[in-house]
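1. sequence-free structure coming up:
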């Protein structure tokens, strides 16, 4: 036990209570950060979109709740359906309300904020109001992401304003923690770093990937076993996708590859998750007689995923072209790694662990035939080569263990709190 006695506020619109967490990054990190003596409070939205549930029913701006020893402050935020404008307005409302209530709590040492540029910049002003250190945590490169997936044109004046805000908040932050390795390349490409004549000091940038609590993963694998006749059938080659069905995930490409492979009765695709495109993709499979694709549960409790993934033969990560130019750190990657199974990524992502550590196939796949060929390449490996591949995946998973990542974050907190 290290005795730091520092109070950290983790401010993230999306962090759900432990029983509802779809990406338990902060829940897992807090478990290990507590070993360093931190007092941690999570500020998050009261509205859980995936469950269409508001945790605040009465007319209150916020409520304080404790779950399994983790303190939460839920801030009343408007309901929203998908990734559209209503979600952005909800994030904005959350951040303004956060700023308005900061004086109602004992002052923290650091505000660690999951940043959604430009919608929740008021959180930074909350830190200024309290005169405390502010660390930006960046999971997705907003607003760049909106341009890459085609939601906003490059010359949109609002996009240009958003980039100015992004650069400004990076400059103002006492530290920045990126979950993608290539974020530094992004800053250099924009010429925002000191060496390029910009004003962002790259020494204050850190890389801490999304991770997995390996001890919990392995416990859940045995304690919450999924009974499923397809998953339990060892004569089948089971390709699994877990995640959202949105434009950015380009799942239609997986379905087209399945269509190419449907004459091989030993191959089956199992897709878990929900999203704006799920229904039209189900219709697409029916219309094209793609009978080797099975759409499974829309929502799976996180504790059930280890059993499902460890019974699959191959895991799929899927994106639109150009996604991941600066590396990606999707929540599903550490899950896939912990399951110890090969992975296919349909885009060549920079700083890609799949490619660097030879954990499967990561390349720009442009046609359904090419995708099918990549799947067969792994399916047809001699059994000893397939086992070696699985062993490599298992070894790399240890670098994604939250116990190890919490130690890295503790160092960031220590260095930041010493900045004068």
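-> All right, it came through fine. Computed from a predicted structure; not experimentally measured.

2. do you know how far residue 173 is from residue 309?
-> 35 Å (Cβ to Cβ, to the nearest Å). The C-beta positions use only the backbone N, C-alpha and C, and glycine is treated the same way.

3. cool, residue 216 as well?
-> As for residue 216, its distance to residue 309 is 14 Å (criterion: Cβ to Cβ).

4. again, but for residue 336
-> Here residue 336 is placed at a distance of 7 Å from residue 309 (Cβ to Cβ).

5. cool, residue 66 as well?
-> From residue 66 to residue 309 the distance is 31 Å (Cβ to Cβ).

6. the more surrounded of those two?
-> When residue 66 and residue 309 are compared on other Cβ atoms under 10 Å, the one with more neighbours turns out to be residue 309, at 24 against 10.

7. check contacts around that one.
-> Residue 309 makes contact with 240, 242, 315, 335-336, 338-339, 341 under the criterion Cβ atoms under 8 Å, 6 or more residues apart in numbering.

8. and the residues you listed, which two are the farthest apart?
-> Maximum pairwise distance among the contacts of residue 309 (Cβ to Cβ): 13.4 Å, between 240 and 338.

9. tell me which of these two has more neighbours.
-> residue 338 (27 against 23).

10. got the contact list for that one?
-> Applying Cβ under 8 Å, 6+ apart, the residues contacting residue 338 are 212, 214, 217, 306, 309, 397, 400.

11. check residue 319 too.
-> Applying Cβ under 8 Å, 6+ apart, we find residue 319 in contact with 248-250, 328, 345-347, 349.

12. please apply the same query to residue 223.
-> Residue 223 sits next to residue 303 when contact means Cβ under 8 Å, 6+ apart.

13. chain neighbours aside, what residue packs nearest to residue 188?
-> residue 196 (6.4 Å; Cβ to Cβ, 6 or more residues apart in numbering).

14. so what does the residue in the chain sticking out farthest from the centre look like in phi/psi?
-> Distance from the C-alpha centroid of the chain, by Cα atoms, centre = their mean, peaks at residue 263 (34.8 Å). With angles defined as degrees, to the nearest 10, residue 263 shows backbone torsions of phi -70, psi -20.

15. residue ranges in the stretch 301-420 of the chain under the pLDDT threshold?
-> Low-confidence segments of the stretch 301-420 of the chain, defined by pLDDT under 70, span residues 321-331, 350-351, 419-420.

16. same question for the chain.
-> Counting by pLDDT under 70, the chain has low-confidence residues at 1-4, 147-150, 321-331, 350-351, 419-420.

17. domain-wise, how is it divided?
-> According to the domain assignment given by automatic domain parsing, the chain is divided into the following structural domains: 7-211+401-417, 214-400.

18. any idea how many residues pack against residue 52?
-> Around residue 52 there are 9 other residues, counting by other Cβ under 10 Å.

19. same thing with the one 5 residues further on?
-> Residue 57: 9 surrounding residues under other Cβ under 10 Å.

20. check the spacing between it and residue 229 real quick.
-> The spacing between residue 57 and residue 229, counted by Cβ to Cβ, is 41 Å.

21. what of residue 398?
-> According to Cβ to Cβ, residue 398 stands 33 Å off from residue 229.

22. neighbour-wise, which of these two wins?
-> In this view residue 398 and residue 229 are compared by other Cβ under 10 Å, and residue 398 has more residues nearby, 13 against 7.

23. can you report phi and psi for the more buried one?
-> The phi and psi values for residue 398, taken as degrees, to the nearest 10, are phi -60, psi -30.

24. can you pull the contacts of it?
-> By Cβ under 8 Å, 6+ apart, the residues touching residue 398 are 214, 404.

25. cool, residue 85 as well?
-> Residue 85 makes no contacts at all, as judged by Cβ under 8 Å, 6+ apart.

26. from residue 77, how far off is it?
-> Using Cβ to Cβ, residue 85 is found at 14 Å from residue 77.

27. and stretch 410-420, which residues are buried?
-> The neighbour-count check on stretch 410-420 (16 or more other Cβ atoms under 10 Å) flags 410, 412-413, 416-417 as buried.
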